[in-house]
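Student: pasted the sequence and its predicted model underneath.
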Amino acid sequence: EMLADVSERMVTSLSPAETLQSVAEAVVPSFADWCVVDLATSSPWLLMVARSHVEPDKVELIEELRRSYPRGERTNPRHAIYRAVEERATIREDVRDEDLVARAVDAEHLRLLRALGIGSHIVVPLVARGRVVGAVSFVRAPDRDRFDDSEVLTAEGIARRTALATDN
């Protein structure tokens, strides 16, 4: 049902930004607590073009996190978004508070990560016609069930549709 809704939303607009925002909103809150879509640019970095959070006021926190702590600048550990794009592989991780502490570059970064709520995430590269056009990230809060194997397949189905819509 959700895949059908995502597919339907992809044909309602000719604007790539509106289409991707619609996809991010379609998966929250039924599948994920928050979702981000990043697109490849001519630089080595990805550009966040869509975001949605189950708590609308936290969308601003996503933007603050991305603005203040760019993913591409942290290489240890390599951010899941960049690993997914570089490896052309789906990344699924369960994230504990200790992981957030290890990944945070300072106290403010840790505060933002905790405030957004990261318990489990799936990052899928967006691949269309043999090239990576971006990535989509699905995140669940620590108090929700972790993503399972069948949900990884669902995330990959959403990513396939999203990549083709973006490329078209």
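Tutor: Alright, I've got the coordinates. A quick note: this is a predicted structure, and the numbers were derived from the prediction, not measured.

Student: so Leu47 touches Thr41, yeah?
Tutor: Yes - counting by CB atoms under 8 Å, Leu47 does reach Thr41; the two are 5.1 Å apart. Placement of C-beta: from N, CA and C, glycine included.

Student: not counting its own residues, what contacts the longest helix along the chain?
Tutor: Longest helix of the chain, by residue count under DSSP state H: helix 149-167. Contacting residues not belonging to helix 149-167 are listed as 2-3, 6-7, 10-11, 16, 19-20, 23, 27, 31, 37, 39, 90, 92, 122, 124-129, 133-134, 136, 138, 147 [CB atoms under 8 Å, 6 or more residues apart in numbering].

Student: hmm, try it at 6 Å
Tutor: 3, 6-7, 10, 16, 19, 23, 90, 92, 122, 124, 126-128, 133, 136, 138 (CB atoms under 6 Å, 6 or more residues apart in numbering).

Student: find the centremost residue of the protein, please.
Tutor: Ser137 (1.7 Å; CA atoms, centre = their mean).

Student: work out for me the element that one sits within.
Tutor: Per DSSP states H and E, Ser137 falls inside strand 131-140.

Student: helix 149-167 and that strand, what's the angle between them?
Tutor: 140 degrees (axes from the mean of the first three to the mean of the last three CA atoms, to 10 degrees).

Student: pairing partners for strand 131-140, with directions?
Tutor: strand 34-40 (antiparallel), strand 120-128 (antiparallel) (DSSP bridges).

Student: can you pull the contacts of Glu25?
Tutor: By CB under 6 Å, 6+ apart, the neighbours of Glu25 are Ser52.

Student: part of a helix, is it?
Tutor: Yes - residue state for Glu25 (DSSP: H, G, I helix; E, B strand; the rest coil) corresponds to a helix.
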